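> output the structure for:
(chains A and B)
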Protein chains: 2
Amino acid sequence: MADRGLIVSVSGPSGVGKGTVLKRLTELIEEKWPGRSSYSISATTRSPRPGETDGVEYHFRTREEFEKMIETGEIIEYDLYVGNYYGTPAAPLAEKVGQGKIVLCDITIEGSLAIEKKFDEDSVTIMLLPPSYSELEARLKGRGTEDEAKVAARLAKAREEIARTGEFEYAVQNIEVDQAAADIMKIIESEMLKTIRQTQTIKNLD
Amino acid sequence: MADRGLIVSVSGPSGVGKGTVLKRLTELIEEKWPGRSSYSISATTRSPRPGETDGVEYHFRTREEFEKMIETGEIIEYDLYVGNYYGTPAAPLAEKVGQGKIVLCDITIEGSLAIEKKFDEDSVTIMLLPPSYSELEARLKGRGTEDEAKVAARLAKAREEIARTGEFEYAVQNIEVDQAAADIMKIIESEMLKTIRQTQTIKNLD
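From the prediction side, this is the model:
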């Protein structure tokens, strides 16, 4: 029997590199604990696109089902985007933690805080920070997909978001992908050494 | 200006290897953060032995001074041993944390819990566990300094102490010195990534 798992919520401003860091982190987790990494899957009311499967890319739900999930508290946090709901359902997270999985969430600030409130000791919240604001600006411009006004708006939003770092438990700077993933891995390894996750170790001393 | 430091209290049964692990851990801390490692120095009413210096091996105090320190709450926890007081003074710990030091304490269970209560977020508590009870017994016998009855008494006490692991934040098994020191180092590195210790990082983003 494995000890309980952990939900790892990672938030951070647009352009900070959450997706790339979490991909590298998944590799590190699988190297150390094969089969234990997992990814939080959102629920949505938008229709599946060709090739998408329920429970893989998203949990696809009708509007009625989704609104009922909001009412019952099953949806921890949600947004409306282009007329469709997107949200985080609680039950799959609870199930994965019970199986000892390490569940990574690429999620908004409100989402991280809502998960922390619901899952408490089974969850950690991490703010991913850029090396500097000028480097974040360079990364946003480097995408080449946005004009100057949009980049300025994203930077202003980044400052607002980073000002809320104190609401998170940990802050990791993404100076370089391998370093940022390694830092988050240390947080996870340290969390695994918490006494609440060591009940099996203590039983096995005999 | 460095961010605040951390008090690392390590408790564990007799024979588990606290001293050896903390010695190795000091090396790891100095490799990563030169000059930041430190050691908690106890206060005592016993007389200095030849070569001992006040503030190095111990803070040497008179019985009157020590009892006053107990009264004012300056002594966090203490024991009486062969007619002399031994205890942990709060002021040097607070001072070192303010300087950004990582202060290692080789300390009783009650001492760890008292420090945690007083220093809260500036402190972590770690229970050092043996690989197994049979291995702990082998280590105690291997010292060759104690008869069978004493070893049995120490083992019984070890079981009592380990039963209190849940009162600690972390548990680290000392299967091998390098691994145990590395595990505690991960806990420290992770603690350094807590947002309460990242105020300078956030200021420096501009």
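> what residue is smack in the middle of chain A?
Within chain A, the residue whose C-alpha comes closest to the C-alpha centroid is A:C105; the distance, by C-alpha atoms, centre = their mean, is 1.9 Å.
> measure A:E176 to A:A182 for me?
Counting by C-beta to C-beta, to the nearest Å, the separation of A:E176 from A:A182 is 10 Å. Quick note: C-beta positions are derived from backbone N, CA and C, even for glycine.
> tell me the contacts of the residue in chain A positioned nearest to chain B?
Using C-beta to the nearest C-beta, the closest approach of chain A to chain B is made by A:S190 at 3.5 Å. By C-beta atoms under 8 Å, 6 or more residues apart in numbering or on different chains, A:S190 lies in contact with B:170, B:186-187, B:189-191.
> which residue, neighbours along the chain excluded, lies closest to it?
The shortest distance from A:S190 to any residue that is not its chain neighbour, by C-beta to C-beta, 6 or more residues apart in numbering or on different chains, is 3.5 Å, and that residue is B:S190.
> and the pLDDT at that neighbour?
The pLDDT attached to B:S190 in the predicted structure is 97.
> could you export the helix or strand where it lies as CSV, CA atoms only?
Taking DSSP states H and E as the criterion, the element that holds B:S190 is helix B:177-192. This file holds the C-alpha atoms of helix B:177-192, laid out as CSV (Å, rounded to 0.1, in the frame of the first residue of the first chain):
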residue,chain,number,x,y,z
VAL,B,177,24.5,8.7,6.3
ASP,B,178,24.9,10.3,2.9
GLN,B,179,21.3,9.5,2.0
ALA,B,180,19.9,10.8,5.3
ALA,B,181,21.9,14.0,5.1
ALA,B,182,20.8,14.5,1.4
ASP,B,183,17.1,13.9,2.4
ILE,B,184,17.3,16.6,5.2
MET,B,185,19.1,18.9,2.7
LYS,B,186,16.1,18.5,0.3
ILE,B,187,13.8,19.5,3.2
ILE,B,188,16.0,22.6,3.8
GLU,B,189,16.2,23.5,0.1
SER,B,190,12.4,23.2,-0.1
GLU,B,191,11.9,25.3,3.0
MET,B,192,14.1,28.0,1.3
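> what helix or strand is A:G19 on?
A:G19 is located in helix A:18-32, with elements delineated by DSSP H and E.
> what sits up against that helix?
Residues outside helix A:18-32 that contact it (C-beta under 8 Å, 6+ apart) are A:10-12, A:36-37, A:39, A:102, A:104, A:106, A:128, A:174, A:177-178, A:180-182, A:184-185, A:188-189.
> how about the strands of chain A, start to end?
Across chain A, reading from the start of the chain, the strands by DSSP state E fall at A:6-11, A:37-39, A:43-44, A:59-60, A:75-81, A:84-89, A:102-106, A:123-129, A:170-173.
> a markdown table for those, including distance to chain B?
A markdown table is the format used below for those (distance: least, C-beta to the nearest C-beta, whole Å):
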| stretch | distance to chain B |
| --- | --- |
| strand A:6-11 | 12 |
| strand A:37-39 | 18 |
| strand A:43-44 | 29 |
| strand A:59-60 | 31 |
| strand A:75-81 | 20 |
| strand A:84-89 | 22 |
| strand A:102-106 | 14 |
| strand A:123-129 | 7 |
| strand A:170-173 | 4 |
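> do you know which of these lies nearest A:L205?
Minimum separation from A:L205 across the strands of chain A (C-beta to C-beta) falls at strand A:6-11, 23.1 Å.
> pretty sure A:R36 contacts A:L104?
No: under the contact definition of C-beta atoms under 8 Å, A:R36 does not touch A:L104, with a separation of 11.1 Å.
> more crowded one of those two?
A:L104 (24 against 19; other C-beta atoms under 10 Å in any protein chain shown).
> what is the end-to-end distance of stretch A:75-89?
This stretch, stretch A:75-89, spans 4 Å end to end (C-alpha to C-alpha, to the nearest Å).
> mind listing what's buried in that stretch?
If you call a residue buried by 16 or more other C-beta atoms under 10 Å in any protein chain shown, then stretch A:75-89 has these buried ones: A:75-78, A:85-89.
> same question for it, mean pLDDT?
Per-residue confidence for stretch A:75-89 averages out to 92 on the pLDDT scale.
> and for stretch A:173-182?
Across stretch A:173-182, the per-residue pLDDT values average to 97.
> near chain B, which residues of chain A show up?
A:127, A:129-130, A:132-133, A:162, A:165-166, A:168-173, A:183, A:186-187, A:189-191, A:193-196, A:198, A:201-202, A:204-206 (C-beta under 8 Å from any C-beta of the partner chain).
> pLDDT below threshold where in chain A?
A:1-2 (pLDDT under 70).
> repeat that for 50
Within chain A, the ranges that satisfy pLDDT under 50 run A:1.
> so A:S47 touches A:T62, yeah?
No: taking C-beta under 8 Å as the contact criterion, A:S47 and A:T62 are not neighbours in contact, 10.2 Å apart.
> where do the contact lists of these two overlap?
Overlap between the neighbourhoods of A:S47 and A:T62 is empty, taking contacts as C-beta under 8 Å, 6+ apart.
> okay then, goodbye and thanks.
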